[in-house]
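In: below: sequence and its predicted model.
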Amino acid sequence: MNARVALQLSGVDRHYSQGDTFLSILKGADFTLRAGETVALVAPSGTGKSTLLHIAGLLERPDAGEVLINGRSCGTMNDEARTAVRRSDIGFVYQFHHLLPEFTALENIMMPQLIAGLGKSEAKERAAALLDYMRIGHRAEHRPSELSGGEQQRVAIARAVANAPLVLLADEPTGNLDPETAGYVFEALKALVRQSGLAAMIATHNHQLASLMDRRVTIEDGKVVEQA
Ligand SMILES: Nc1ncnc2c1ncn2[C@@H]1O[C@H](COP(=O)(O)OP(=O)(O)OP(=O)(O)O)[C@@H](O)[C@H]1O
């Protein structure tokens, strides 16, 4: 039996207007991501990887088409409802860590949990467990500026999964790291996905890292296409 569908995009269109130029980036894109699955999104620069991830992560609205998270249609939801779904069901990791500079690693991971209404001691316990899992428990009290690039990204990944989302979306999470660091950050991310059973879609230019995922997809002529 196939695992439950965590994320579904159907017939997604997205265009941008730049002066007189009309850029049609996504044209009827369809994509399905199931619980427990890891998918790499590997496509040339400018083809719409970030656009697709932002639409899937409810950060942007498509011009047409539908986004379903855990079977729930998010297209007609108002901004408040979309924010609620984003907070509970989606974790997002960017190329640059986007951690809050004035807070420690531990506090950065606690933050989304506190916003979601979890008690402080529970949030702290879970944040510490995630840091240990990412093998940076000894960096819990350090601020982002005191961490290496690989450590910052591992904290960002831990923060993204702190609220146990259904879907993890990552936009070039290792694009800013040297190959060796990128390798172990990717391995840590994959192990975490496996352990938690969430579904993950990760955009990367790195074909070697992409080969570690269950599936690879690309974007061709505005559509999501499976790769061998
Ligand atoms: N807000 C915007 N306004 C106008 N054009 C945009 C906007 N956002 C993205 N684009 C254009 O849409 C296209 C797709 O952008 P996107 O960032 O999704 O590509 P990408 O595949 O993630 O690229 P990269 O690998 O370089 O990050 C690009 O040509 C980009 O210039």
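Out: Arrived safely. All values reported here derive from a predicted model rather than from experimental measurement.
In: I'd like to know which elements the helix or strand of the chain with the lowest mean pLDDT is packed against.
Out: The weakest-scoring helix or strand in the chain, judged by mean pLDDT, DSSP states H and E, is helix 179-196 (a mean of 84). Packing partners of helix 179-196 (3 or more Cβ pairs under 8 Å, 6 or more residues apart in numbering; DSSP states H and E): helix 120-133, helix 149-161, strand 167-171, strand 199-203, helix 207-210. Placement of C-beta: from N, CA and C, glycine included.
In: closest one to residue 90 among these?
Out: Closest approach to residue 90 among the helices and strands packed on helix 179-196 is made by strand 167-171 (5.2 Å; Cβ to Cβ).
In: hmm, that closest one touching the ligand?
Out: No. For a cut-off given as Cβ under 6 Å from any ligand atom, strand 167-171 has no contacts with the ligand; the smallest distance is 7.2 Å.
In: angles on the backbone of the closest residue in space to residue 221 that isn't next to it in sequence, please.
Out: Nearest non-adjacent residue to residue 221, counting by Cβ to Cβ, 6 or more residues apart in numbering: residue 27, 6.7 Å away. Backbone torsions of residue 27, given as degrees, to the nearest 10, read phi -130, psi 90.
In: including distance to residue 96, mean neighbour count and mean pLDDT, could the helices and strands packed on helix 179-196 go into CSV?
Out: As requested, the helices and strands packed on helix 179-196 are exported to CSV (distance: least, Cβ to Cβ, whole Å; neighbours: other Cβ atoms under 10 Å; pLDDT from 0 to 100):
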stretch, distance to residue 96, mean neighbour count, mean pLDDT
helix 120-133, 20, 17, 95
helix 149-161, 9, 25, 92
strand 167-171, 10, 25, 95
strand 199-203, 14, 26, 95
helix 207-210, 18, 16, 88
